[in-house]
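Chemist: Structure of the sequence below:
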Amino acid sequence: MQPNQMEPETRVVIRDATVADVSAIYTLILELAEYEEALNRVENTEERLREDGFGEEPRFHCFVAAEGSAVIGIALCYYRYSTWKGRYLYLEDLIVTKPRRGEGLGKLLLQRCIGYAQSTGCRLLTWQVLDWNSNAIEFYKALGAELQPEWVNCVLSSERFMPGVDGAQHAI
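Modeler: Numbers count the residues shown, from 1 in each chain. Have a look, this model is predicted:
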C-alpha cells in the first residue's frame, strides 16, 4: 500500500453463524465467562457447540457480527414455549468483544434477533441480565425492555438430578 493510501473501510455485517464460526463463538463465550468471573464454570466445548448448533438437529440459532473474517459479536438464541403466550425466542447470550463495546453492535445483534423472532411467529423475545451488570441493564432499558424483578431463576444441575428418574411414566 502506498503511504498516502487509506486502508479500505471494513464493514460489520450481521449474519447467520456457520460451522466455520464455532471457534470464534467459543472464544467469545470464554471472554464473557471471564468478564463475569465465572470462567471455571464453562463446561461447554467447541465440539458440543458444533453438534448442538450445526448438527442434524440444531438446538440453537446464532447470529454473528463479522468484520471481514473476524467475528466480534454473537447473539445465541433458541425457541421456548409459554403456556400463556405460545412460541417465543430466548436470547441466551448477547456478546460483543470488549474492545468493540459501545459501537452499537449489541443493538444490531438484538435487532436481528427481533427480526428473527417476528419472522418465525414468536410472541416474545426474552433474556436475562445479571443484576450487577448496570451497563447492560441501562442498554436494555433504553431499548424499551421490561425488567421483571419479581421472577426468580431456578436451576437444577445434572449433579442434583434425582436418582432413578428415567423419564418413564410413573404413578403413585
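Chemist: Name every strand pairing with whichever strand or helix holds residue 95 and say which way it goes.
Modeler: Here residue 95 is covered by strand 86-96, with elements defined by DSSP states H and E. The strands that strand 86-96 pairs with in its sheet are strand 70-82 (antiparallel), strand 125-127 (parallel) (by DSSP bridges).
Chemist: starting at the chain centroid, how far to the first one?
Modeler: Going back to what we said before, that points to strand 70-82. Counting by C-alpha atoms, centre = their mean, to the nearest Å, strand 70-82 is centred 4 Å from the centre of its parent chain.
Chemist: What residues of that strand count as buried?
Modeler: The neighbour-count criterion (16 or more other C-beta atoms under 10 Å) identifies 71-77 as the buried residues of strand 70-82. Using the backbone N, CA and C atoms, a C-beta is placed for each residue, glycine as well.
Chemist: try stretch 52-70
Modeler: By neighbour count on 16+ other C-beta under 10 Å, the buried set for stretch 52-70 is 53-54, 60-66.
Chemist: With stretch 115-126 instead?
Modeler: 116-117, 122, 125-126.
Chemist: How about stretch 102-111?
Modeler: Going by neighbour count (16+ other C-beta under 10 Å), the buried part of stretch 102-111 is 105-106, 108-110.
Chemist: rewinding a little: which one of the buried residues of stretch 115-126 is nearest to residue 162?
Modeler: For residue 162, the nearest member of the buried residues of stretch 115-126 is residue 126. The distance, counting by C-beta to C-beta, is 27.6 Å.
Chemist: ok, the closest one - contacts?
Modeler: 80, 88-91 (C-beta atoms under 8 Å, 6 or more residues apart in numbering).
Chemist: contact partners of stretch 78-98?
Modeler: Residues from elsewhere that reach stretch 78-98 (C-beta under 8 Å, 6+ apart): 28-29, 31-32, 35, 59-61, 65, 72-77, 103, 105-106, 109-110, 113, 116-117, 120-127.
Chemist: gap between the two ends of that stretch?
Modeler: Distance between the boundary residues of stretch 78-98 (C-alpha to C-alpha, to the nearest Å) amounts to 24 Å.
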